[in-house]
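# 3D, please:
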Amino acid sequence: MAHGADIGLAFDGDADRCFVIDETGAPLSPSAVTALVARREIARAQALGEDHPTVIHNLITSRAVPELITHDGGRAVRTRVGHSFIKATMAAEGAVFGGEERVRWSV
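Predicted coordinates for the structure are as follows:
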């Protein structure tokens, strides 16, 4: 807001997770971010000749995420909550992307 930015990105310490805020400083839904990035990565993999690229999502992600993945020609694979499970499943499945909805705490 103070800088007139359209989007804000915050990465964790090893840059394997990204948190997104909009132009008002409100956080974007992790499911929405997962769906947007999944759509892009599916299209990129298909352009390189990959049939049904795999995208990983965890079990608390919105139902819209696997529906969009399937609609766009990808293969949705669900995993347990936790980035270690996402990473392991991505490696085992040869996934092009993995998105995770996180449990939120109020302080």
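# Now tell me what touches the host helix or strand of Pro66 from outside.
Assigned by DSSP states H and E, Pro66 belongs to helix 64-71. Helix 64-71 is contacted by residues Ser31, Thr34, Ala35, Ala38, Arg39, Ile42, Val55, His57, Arg75, Ala76, Arg78, Gly99 when judged by C-beta atoms under 8 Å, 6 or more residues apart in numbering. No exception for glycine: its C-beta is placed from N, CA and C like everyone else's.
# List the buried residues in that helix.
Neighbour-count burial for helix 64-71, counted by 16 or more other C-beta atoms under 10 Å, picks out Val65, Pro66, Leu68, Ile69.
# how about the strands of this structure, start to end?
7-11, 18-22, 54-58, 75-79, 97-99 (DSSP state E).
# Sketch out the low-pLDDT regions of this structure for me.
1, 103-107 (pLDDT under 70).
# in the chain, which helix has the most residues?
helix 30-47 (DSSP state H).
# In that helix, which residues are buried?
Pro30, Ser31, Val33, Thr34, Ala35, Val37, Ala38, Arg39, Glu41, Ile42, Ala45, Gln46.
# Chain neighbours aside, what residue packs nearest to the second one?
Distances taken as C-beta to C-beta, 6 or more residues apart in numbering put Ser62 closest to Ser31, at 3.7 Å, once the chain neighbours are dropped.
# For the one you found, grab the count of nearby residues.
Ser62 has 16 neighbours, counted by other C-beta atoms under 10 Å.
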